[in-house]
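[1] sequence unknown, structure follows:
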């Protein structure tokens with residue numbers, strides 16, 4: 001009988017092992033957004049060539065959901081998730097869900113709450129709105145999550161905004177996509193949140209931080225990624241999406257982070 005490595009081949013085996021350790025490893029396409037604006041198919045091809053098989057969308061770049069799905073399919077990629085706004089939740093939810101279904105998504109993620117809404121009352125209202133939206137999404141077979149930056153870890157009264165969102169949304173419906181860079185930037189410990197709310201973090205964003213707070217490729221900063229992924233079962237991690245908000249060289253940076261995570265052992 002052939003060994004697993006012989007059956008899969010070296011690169012396929014590496015992807016399989018990385019998936020077992022990290023959840024499915026993908027790229028948030030915000031990383032390559034400027035390239036996508038110029039050439040969607042060429043950029044998707046370059047992402048696939050790195051080895052990614054999962055992506056998270058940050059807009060459709062003037063494509064329909066059907067056209068974007070066709071491009072992704074041609075290059076062996078699947079859009080597991082997409083980022084949408086509170087405005088889409090409030091006024092365009094049915095169309096957003098239809099597009100997500102066309103794309104074959106597992107999750108829809110809201111990544112932002114506008115500054116005027118960062119009060120105790122407004123965070124509470126947003127949590128309730130997201131719960132209602134998530135209930136409709138679940139009826140369509142699609143999960144819902146919220147993605148943090150660092151502003152959610154500022155105090156609002158005697159609480160953190162993030163803690164309000166966690167407490168005031170339904171944990172069975174509203175999951176969290178934890179951006180590891182931003183929670184660290186906000187002065188909080190991701191492992192503490194994994195322990196407090198086990199199973200609520202099906203997705204994480206992977207990008208690294210230097211001692212002076214700059215964003216860098218995964219493995220080039222100070223975050224203990226082995227420590228993070230040792231707790232993946234506790235957290236409930238299903239997908240790890242690499243991201244860099246302002247990459248000096250988007251494809252090269254996406255490759256650097258992919259290769260570091262793919263080779264990560266613990």
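    Perfect, thanks for sending it. No experiment lies behind these values; they were computed from the predicted model shown. Numbering: from 1, shown residues only.
[2] Can you show me the strands along the stretch 101-250 of the chain?
    With DSSP state E, counting those that start in this stretch as the definition, the stretch 101-250 of the chain shows strands at residue ranges 107-110, 143-147, 155-156, 159-160, 174-179, 203-206, 208-209, 215-216, 239-242.
[3] deepest of these, which one?
    Of all those, strand 203-206 carries the top mean neighbour count, a mean of 27, counting by mean count of other Cβ atoms under 10 Å. Where C-beta positions appear, they are placed from N, C-alpha and C, glycine not excepted.
[4] Give the other helices and strands that that strand contacts.
    Using 3 or more Cβ pairs under 8 Å, 6 or more residues apart in numbering; DSSP states H and E as the contact test, the elements touching strand 203-206 are strand 174-179, helix 180-185, strand 239-242.
[5] These: which one's closest to residue 215?
    Nearest of those to residue 215, taken as Cβ to Cβ: helix 180-185 at 5.9 Å.
[6] rewinding a little: just send the strands of the stretch 101-250 of the chain back as TSV, with distance to residue 96 too.
    Shown next, in TSV, are the strands of the stretch 101-250 of the chain (distance: least, Cβ to Cβ, whole Å):
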stretch	distance to residue 96
strand 107-110	7
strand 143-147	11
strand 155-156	28
strand 159-160	28
strand 174-179	16
strand 203-206	18
strand 208-209	31
strand 215-216	28
strand 239-242	19
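[7] Mind putting those strands into JSON lines with mean pLDDT?
    Output for those, formatted as JSON lines (pLDDT from 0 to 100):
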{"stretch": "strand 107-110", "mean pLDDT": "98"}
{"stretch": "strand 143-147", "mean pLDDT": "98"}
{"stretch": "strand 155-156", "mean pLDDT": "97"}
{"stretch": "strand 159-160", "mean pLDDT": "98"}
{"stretch": "strand 174-179", "mean pLDDT": "98"}
{"stretch": "strand 203-206", "mean pLDDT": "98"}
{"stretch": "strand 208-209", "mean pLDDT": "98"}
{"stretch": "strand 215-216", "mean pLDDT": "98"}
{"stretch": "strand 239-242", "mean pLDDT": "98"}
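[8] what's the closest of those to residue 76?
    strand 239-242 (16.6 Å).
[9] Within its sheet, name the partner strands of the closest one and how each one runs.
    Counting by DSSP bridges, the strands paired with strand 239-242 are strand 24-28 (parallel), strand 203-206 (parallel).
[10] Whichever helix or strand comes after it - contacts with which helices or strands?
    Sequence-wise, the next helix or strand downstream of strand 239-242 (DSSP states H and E) is helix 250-263. Applying 3+ Cβ pairs under 8 Å, 6+ apart, we find helix 250-263 packed against helix 10-22, strand 24-28, helix 33-38, helix 40-50, strand 239-242.
[11] Just checking, which helix or strand of the protein averages the lowest pLDDT?
    When the helices and strands of the chain are scored by mean pLDDT, DSSP states H and E, helix 4-8 comes last with a mean of 42.
[12] Ok, which of the helices and strands packed on strand 203-206 comes nearest residue 51?
    That would be strand 239-242 among the helices and strands packed on strand 203-206, by Cβ to Cβ, at 11.1 Å.
[13] chain center to the closest one, what's the gap?
    Centre-to-centre, strand 239-242 and its host chain are 5 Å apart (Cα atoms, centre = their mean, to the nearest Å).
[14] Can you name the residues that contact the spatially closest residue to residue 51 that is not a sequence neighbour?
    Distance criterion Cβ to Cβ, 6 or more residues apart in numbering; nearest residue to residue 51, sequence neighbours excluded, is residue 258 at 5.9 Å. Neighbouring residues of residue 258 by Cβ atoms under 8 Å, 6 or more residues apart in numbering: 25, 27, 50-52, 242.
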